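Asks: Provided below for reference: sequence and predicted model.
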Amino acid sequence: MMWMVPVLFIEGAGIGMVMAPMVSKVLAGLSPQHAVVASGVLATVQQVGNSLGVALIGLLFYGRLCSGSDPTSNLSAYSGALGNSLLYLLVLAVVVALLLQRLQPQSPKTVG
C-alpha cells in the first residue's frame, strides 16, 4: 500500500505543473477581446473533461475491481484497481505535458 504514496505525489505534482502553463499557453496568442470568451470556453471544456475523466476512471476502477473473485473480501483487489487507475492518470498527464511542449508560444495580437 505504501507504493501508492510516491505515485499520488507524482500525480498531484504533474497536474499542478501542467494545468497552469496550459491555460497561459492557450490564451497567450489571443487579443484581449477574444481572451474573455476563450477563457470561458476553456473553463467549460475543463469542467466537461473533468466530469468525463471521473466517469472513465470510475469505469476503469470498478471494471478492474469486479473482474476478480470477491472484491468485498479482498483488500488487494482494491489496491490493484486503484493502482491501475493511477497508472492510467499518470500516462495521460505525461501525454498532455508532451503535447503542451509542442504548442508554439505566440505573442498577443494587438487591436488597431
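Replies: Structure's in. What do you need? Numbering: from 1, shown residues only.
Asks: Figure out the helix or strand that the residue positioned nearest the centre of the chain lives in.
Replies: Nearest residue to the geometric centre of the chain (C-alpha atoms, centre = their mean): residue 93, 5.6 Å. Assigned by DSSP states H and E, residue 93 falls within helix 75-102.
Asks: Please identify which helix or strand holds residue 46.
Replies: helix 32-66.
Asks: If you count contacts, what does that helix end up packed against?
Replies: Judged by 3 or more C-beta pairs under 8 Å, 6 or more residues apart in numbering; DSSP states H and E, helix 32-66 is in contact with helix 4-27, helix 75-102. Every C-beta, even on glycine, is put in place using the N, C-alpha and C of the backbone.
Asks: could you dump the ones you listed to TSV with distance to residue 62?
Replies: As requested, the helices and strands packed on helix 32-66 are exported to TSV (distance: least, C-beta to C-beta, whole Å):
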stretch	distance to residue 62
helix 4-27	18
helix 75-102	7
